[in-house]
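**Student:** A structural model of the following input is requested.
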Amino acid sequence: MDSIDRKIIALLAEDARRSLTDIGDQIGLSASATNERIRRLVASGAIRRFTLDADPTALGVPVLAFVCVALAPDADEAAFRAFAADHPAIEEAHHVTGGWSYMVKVRVPSLPDLEAFLAELKARKFLARSETIMALSSAAEATYTPKAPKP
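**Tutor:** Residues are numbered from 1 along each chain as shown. Presented below is the predicted three-dimensional model:
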């Protein structure tokens, strides 16, 4: 990956719908050469997907919380990871160091929905303990991409 590839990624991160002509103008390449570079970046895995930045409040999920999870000693970690990947409220889940097993970023419509989410973690016997941190506001945040509903 060279500086042109990095510039392409930065431009697409700002606006994934940007035209090939516009990107090419910014990096000094033709639209077809730009398209070929983007294809290679996708094929190599440097670009995993093209997405959008949605407004969580407009989509009905204004409550943002971070849940520190310590898995129960008998919890099935593979089952927890599958749960985290599929659960519509979980935006991100990271295996972390320190006193916690995972840090989970959750978006829900309301506080009762957050409580129900925590109850679900308990009911599935994933938790030894947890700590929930509510976000009051966000000074800087990555894009919000809702998960598609499961059929």
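**Student:** Show me how the chain divides into domains.
**Tutor:** Domain segmentation of the chain under automatic domain parsing yields 3-44, 63-134.
**Student:** Between the ones you listed, which has the poorest mean confidence score?
**Tutor:** When those are compared on mean pLDDT, domain 3-44 scores lowest, with a mean of 93.
**Student:** Make sure I have this right: residue 98 is in a strand.
**Tutor:** No - read with DSSP: H, G, I helix; E, B strand; the rest coil, residue 98 is coil and lies in no strand.
**Student:** OK, contacts around it?
**Tutor:** By Cβ atoms under 8 Å, 6 or more residues apart in numbering, residue 98 lies in contact with nothing. (Each C-beta comes from the backbone N, C-alpha and C, glycine too.)
**Student:** do that again at 10 Å, thanks
**Tutor:** Residue 98 is in contact with 68, 70, counting by Cβ atoms under 10 Å, 6 or more residues apart in numbering.
**Student:** again, but for the one 5 residues further on
**Tutor:** For residue 103, the residues meeting the contact criterion (Cβ under 10 Å, 6+ apart) are 66-69, 92-96, 131, 133.
**Student:** List only buried entries from those.
**Tutor:** Listed as buried from the contacts of residue 103 are 67-69, 93; burial here means 16 or more other Cβ atoms under 10 Å.
**Student:** still on that earlier bit, with distance to residue 57 as added columns, please give the domains of the chain in a markdown table.
**Tutor:** Shown next, in a markdown table, are the domains of the chain (distance: least, Cβ to Cβ, whole Å):
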| stretch | distance to residue 57 |
| --- | --- |
| domain 3-44 | 21 |
| domain 63-134 | 10 |
